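**Q** Here is my input; please provide its structure:
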Amino acid sequence: MHHWNWMLVVEMFLGGMAGACFFVGALADFFSKGKYRRLAKIGSFCVLPLVAVTMIFLLLDLPLTRVIYFWHFMIIKPLSSMNMGVWILIPFTVVAGVLIPAIFLAEDKGILPFLKGKEGLRKVLSVIGIILGVGVMGYSGVILADKAVSLWGTSIFLPATWVAVSVVSGIALIRLILSLSSEKDEEAEGALSKALTMALIIAAIAILIFAFSSGDAGAILISGSYALAFWLGVVAIGIVAPIVVGFAAKNMGAVSSVLALLGVFLWKYIALYGGIPLH
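**A** Sure thing, here's the model as predicted:
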């Protein structure tokens, strides 16, 4: 029997996606000098729902006694790797999921008028959100790397794969939302398509380095019980297929995005369960 159930995978998947959505949108806004402001808006509005669902799964995953113990442990050992993740998630959610969306609403909808004209504040908060977003993307990978489990602790590249695949999920979700929107933006979709291809290549490199640098522990992914899920699910369906679809048909952005999201979820699933010892 496994020590953890599938809900932990969902938590890691959605939490990393929340950090990545803001990270991707804010960087697109910065580097385009405001031309892709809409991407920053989409990314920031994704944060709060994703974090909320993540917390719901976290609470469902823990019995009441462990929830009480968890908060007690956070106070007693606030600098442990697991607790640091929560302390990063809280300010990230406030900045990226509450304050920045509020500024967007003030500018675009006239809601909360006292925040109107605070674009300078939004940019400062965005820098803070980007930094915190990287922490949100990578902290669960750091937690796993700290565990005395061969697959997780053998290679130093596990946290890097967590960040890399989370970035993929952020680009894919924003691109999926944009492609399904009634207000089309072909230029932004084209930029996201290129960004997704680059992110998938970087993620593939990080994942393969991790798998092959993990020695005997990595064999469970390369040629062991998770090899089919790794090569067919993660590599072929989750990485190669979205790139091929993206090049083959420009109007298939939603399909390639869904495939990429599937690949990210599968990677986090097999990386987690491939390292959990049976008892």
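
**Q** Test my guess that residue 162 contacts residue 137.
**A** Yes: the criterion here is Cβ atoms under 8 Å, and residue 162 meets it with residue 137 at 6.5 Å. Using the backbone N, CA and C atoms, a C-beta is placed for each residue, glycine as well.

**Q** so which helix or strand takes in residue 45?
**A** Secondary structure from DSSP states H and E places residue 45 in helix 37-61.

**Q** Tell me the buried residues in that helix?
**A** Of the residues in helix 37-61, those with enough neighbours to count as buried (16 or more other Cβ atoms under 10 Å) are 37-48, 50-51, 53-55, 57-58, 61.

**Q** by contact count, what packs against it?
**A** With contacts defined as 3 or more Cβ pairs under 8 Å, 6 or more residues apart in numbering; DSSP states H and E, helix 37-61 has these neighbours: helix 6-31, helix 100-109, helix 158-180, helix 186-213.

**Q** And those helices: which comes nearest residue 126?
**A** For residue 126, the closest of these is helix 6-31, at 4.4 Å, according to Cβ to Cβ.

**Q** what separates the closest one from the chain centre, distance-wise?
**A** Centre-to-centre, helix 6-31 and its host chain are 3 Å apart (Cα atoms, centre = their mean, to the nearest Å).

**Q** Over to stretch 108-121?
**A** That offset, for stretch 108-121, works out to 28 Å (Cα atoms, centre = their mean).

**Q** Not counting that stretch itself, show me its contacts.
**A** 41, 102, 103, 105, 106, 107 (Cβ atoms under 8 Å, 6 or more residues apart in numbering).

**Q** buried set for that stretch?
**A** By 16+ other Cβ under 10 Å, the buried positions in stretch 108-121 come out as 115, 118.

**Q** End to end on it, go ahead and measure it.
**A** Chord length of stretch 108-121, first to last residue, is 16 Å (Cα to Cα, to the nearest Å).

**Q** what's the burial count for residue 245?
**A** Using other Cβ atoms under 10 Å, residue 245 has 19 other residues around it.

**Q** okay but it is in contact with residue 257, surely?
**A** No: here residue 245 does not reach residue 257: they are 9.4 Å apart, not a contact under Cβ under 8 Å.

**Q** And residue 195, how close does it get to residue 22?
**A** Using Cβ to Cβ, to the nearest Å, we find residue 195 at a distance of 15 Å from residue 22.

**Q** Compare these two (neighbour count), which wins?
**A** Neighbour count, other Cβ under 10 Å: between residue 195 and residue 22, residue 22 has more, with 33 against 21.

**Q** from memory the more buried one sits against residue 131, does it?
**A** No: Residue 22 is beyond contact range of residue 131, at 10.7 Å (criterion: Cβ under 8 Å).
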